[in-house]
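A.B. asks: Fold the stuff below for me.
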Amino acid sequence: MKTLLLVLAMFITAPPSIHTFKVQDIDGKNLDLKKYKGKKILIVNTASKCGYTKQYADLQKLADAYKDKLVVIGFPANNFGGQEPGENLNIKEFCQKNFGVTFALAEKSSVKGADISPLFKHLTTAENPDFTGDIKWNFEKFLIDENGQLIHRFRSAVTPMSSEITKHL
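C.D. replies: A predicted model of the protein is given here:
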């Protein structure tokens with residue numbers, strides 16, 4: 001009985017897994033994040049008209065280099081300086097044409113403010129060794145472990161292929 005209570009207590013207090021979230025992909029199809037159990041996930045809020053937009057190319061390189069153990073998912077957002085004004089189809093075409101993006105893109109989402117998506121509300125409040133709180137700008141990155149837990153968070157200036165990220169892969 002004592003063992004059962006300990007197991008239940010651990011389950012109840014365990015932080016929610018990213019694998020419990022479902023989002024829409026850029027084509028409007030359901031994207032259930034539990035399908036990525038067993039792989040790390042790098043979630044990035046993106047924008048097409050930002051000084052960091054060129055990071056799309058490095059995100060693709062990262063996705064290709066670590067495809068056996070990492071999934072990259074871009075979440076276009078217009079929360080900062082109106083730098084993602086396009087609709088989903090325009091965003092997808094822009095990313096493919098200019099950066100050869102084949103990694104997963106979610107539908108345009110809000111990553112800050114009163115209309116923040118549930119996923120980003122979770123990510124910005126989840127404990128990690130780096131920092132919590134609001135996203136400051138486009139191209140912030142959230143590294144999720146194979147069990148769906150946030151393990152690191154990186155500000156925009158940290159490039160996708162930097163050792164700050166790749167040392168965790």
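A.B. asks: Only C-alpha atoms from now on, for both contacts and neighbour counts.
C.D. replies: Noted.
A.B. asks: and the residue nearest to L70 when sequence neighbours are not counted, what does it touch?
C.D. replies: Closest residue to L70 apart from its sequence neighbours, by Cα to Cα, 6 or more residues apart in numbering: K40 at 4.7 Å. Residues in contact with K40 (Cα atoms under 8 Å, 6 or more residues apart in numbering) are K69, L70, V71, L143, I144, D145, E146, G148, L169.
A.B. asks: Then I91?
C.D. replies: Listed by Cα under 8 Å, 6+ apart, the contact partners of I91 are S48, P76.
A.B. asks: Can you check my assumption that it lies in a helix?
C.D. replies: Yes. Per DSSP: H, G, I helix; E, B strand; the rest coil, I91 lies within a helix segment.
A.B. asks: Could you report the separation of it from N78?
C.D. replies: Using Cα to Cα, to the nearest Å, I91 is found at 11 Å from N78.
A.B. asks: Does W137 touch F80 like I think?
C.D. replies: Yes. Taking contacts as Cα atoms under 8 Å, W137 lies within contact range of F80: 6.1 Å.
A.B. asks: Quick one: the helices in this structure, in order.
C.D. replies: In the chain, the helices defined using DSSP state H lie at 2-13, 55-65, 88-99, 118-125, 163-166.
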